[in-house]
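# Pasting a predicted model and its sequence here:
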Amino acid sequence: MAKIVTSPFDVADYLRTPEDMAAYLEASIEEADGDAAFVAGALGHIARVRGMPQVTRDAGPSRESLHDAFFDADEPSLSIFLRVVGALGLKLRVDAELDSDAATEGVSTHS
């Protein structure tokens, strides 16, 4: 049987531009299925690429608080999350899920 050769994977190697980072965060939000810790982990990967000392200076919380929020918390703080998103030069956008029954339930079509 042939030997399988593997190499370490680090998502940080693929987050080179702000567009890469935004796409990665957007994909993590879409795939998270409500798992806030999953999304926080993705944001932590982006922060690591940018440099935690710089993110800490720009966002405010201590390095330990950021690490805990990204990698150790089941439910990361929304306020820390939003401050870090801003410190990374990213912004969040919300779009309506138009193909969902829930998106139109209770919406009046009257003007």
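Arrived safely, thanks for sending.
# so the closest residue to Glu31 other than its chain neighbours is in which element?
The shortest distance from Glu31 to any non-neighbouring residue, by Cβ to Cβ, 6 or more residues apart in numbering, is to Phe38 (7.5 Å). (Each C-beta comes from the backbone N, C-alpha and C, glycine too.) Phe38 is part of helix 36-50 when elements are defined by DSSP states H and E.
# picking up where we left off before, pretty sure the residue nearest to Glu31 is touching Ala32, no?
Yes: with contacts counted by Cβ atoms under 8 Å, Phe38 reaches Ala32, the gap being 4.4 Å.
# follow-up on the earlier one: give me the neighbour count for the residue nearest to Glu31.
Number of residues near Phe38 (other Cβ atoms under 10 Å) recorded here: 13.
# returning to that earlier point: can you tell me what sits against the helix holding Phe38?
Here helix 36-50 makes contact (Cβ atoms under 8 Å, 6 or more residues apart in numbering) with 11-12, 15, 21, 24-25, 28-29, 31-32, 55, 66-67, 69-71, 73-76, 81, 84-85, 88, 90.
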